[in-house]
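# build me a structure from this.
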Amino acid sequence: MVQVLTFAKSAVMNGGETLPRITISGHPGSGTSTLVDGICKAKGWSSLNGGQIFRDEAKNRGMNLAEFGDLCANDFSVDKSLDEILKSNMLNPDGPEVMESRLSGWWAHLLELDCLRIWLHVSEEVRAQRVVNREGIPLEEALLDNRKRSEIDLARYQEMYGINPEDSTPYTHVVDASDLDSVGVLDAVMGILEGNE
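As a prediction, this is how the structure comes out:
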């Protein structure tokens, strides 16, 4: 059975006047990118992926994700510039319907945007195994990389914004996806979307 926590501040769909319609957040390896792809294919919507912006910038600088995370931890202007891209797209009436990033739910909440805000909860072990499957690295390395990245990111977000991405405050729904495959996660979130349209 899918565990979905729905909070009292559930969103009402906005009829497309203000975008996004939904934000998707979760730790690395939680399946957010796969979920967003499924939503966009099912609904014919567009998306903006904050993780891809992060990865592209790391690649542009010739860094791996851990190195780029270290840079962001020491130079907040880098991270803030990436966040401004996300926020400006959220406020653009012609922007994407789906926004994906660790803080997209927080930004939508703080900007008082009327949209669904989903957090995908996935256990640490499952997230690491997904990284192994995607990147072909050893499980222990994936666990350590995920932990290090989460610790760096949490410290950075708290120092820059006073935000903990795992805090449920901004989210309208938390979906426990630890025991679900990608189809199960998509079905759960599509059910949430359809119940709010």
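# only C-alpha atoms from now on, for both contacts and neighbour counts.
Noted.
# report the longest helix in the protein, please.
Using DSSP state H, we find that the single longest helix of the chain is helix 139-161.
# can you point out the buried residues in it?
Buried positions in helix 139-161, judged by neighbour count with 16 or more other Cα atoms under 10 Å: Leu139, Ala142, Leu143, Asp145, Asn146, Arg149, Ser150, Ile152, Asp153, Leu154, Arg156, Tyr157.
# would you mind giving those residues as a markdown table with pLDDT added?
What follows is the buried residues of helix 139-161, written out as a markdown table (pLDDT from 0 to 100):
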| residue | pLDDT |
| --- | --- |
| Leu139 | 93 |
| Ala142 | 90 |
| Leu143 | 92 |
| Asp145 | 89 |
| Asn146 | 86 |
| Arg149 | 82 |
| Ser150 | 84 |
| Ile152 | 80 |
| Asp153 | 79 |
| Leu154 | 87 |
| Arg156 | 79 |
| Tyr157 | 87 |
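# closest to Ser88 out of those residues?
Tyr157 (18.7 Å; Cα to Cα).
# re the thing from before, what's the farthest-apart pair in the buried residues of helix 139-161?
Largest pairwise distance in the buried residues of helix 139-161, by Cα to Cα, is 26.5 Å, between Leu139 and Tyr157.
# isn't His27 right next to Arg102, touching?
Yes - contact criterion Cα atoms under 8 Å: His27 and Arg102 qualify, at 6.8 Å.
# before we move on, the earlier item: state the next helix or strand along the chain beyond the longest helix of the chain.
For helix 139-161, the succeeding helix or strand toward the C-terminus, using DSSP states H and E, is strand 173-176.
# just checking, what packs against that next one?
strand 3-6, strand 116-121, helix 182-195 (3 or more Cα pairs under 8 Å, 6 or more residues apart in numbering; DSSP states H and E).
# direction included, what does that strand pair against?
Under the criterion DSSP bridges, strand 173-176 sits next to strand 3-6 (antiparallel), strand 116-121 (parallel) in its sheet.
# any idea which of the ones you listed has the lowest pLDDT on average?
Per-stretch mean pLDDT for the strands paired with strand 173-176 is lowest at strand 3-6 (a mean of 54).
# re the thing from before, can you name every helix or strand that the longest helix of the chain contacts?
In terms of contacts (3+ Cα pairs under 8 Å, 6+ apart), helix 139-161 is packed against helix 65-74, helix 124-135.
# how distant is the last one from the center of its chain?
Distance of helix 124-135 from its chain centroid, counting by Cα atoms, centre = their mean, to the nearest Å, is 16 Å.
# ok, stretch 66-81 next?
18 Å.
# now the terminal residues of that stretch, how far apart.
18 Å (Cα to Cα, to the nearest Å).
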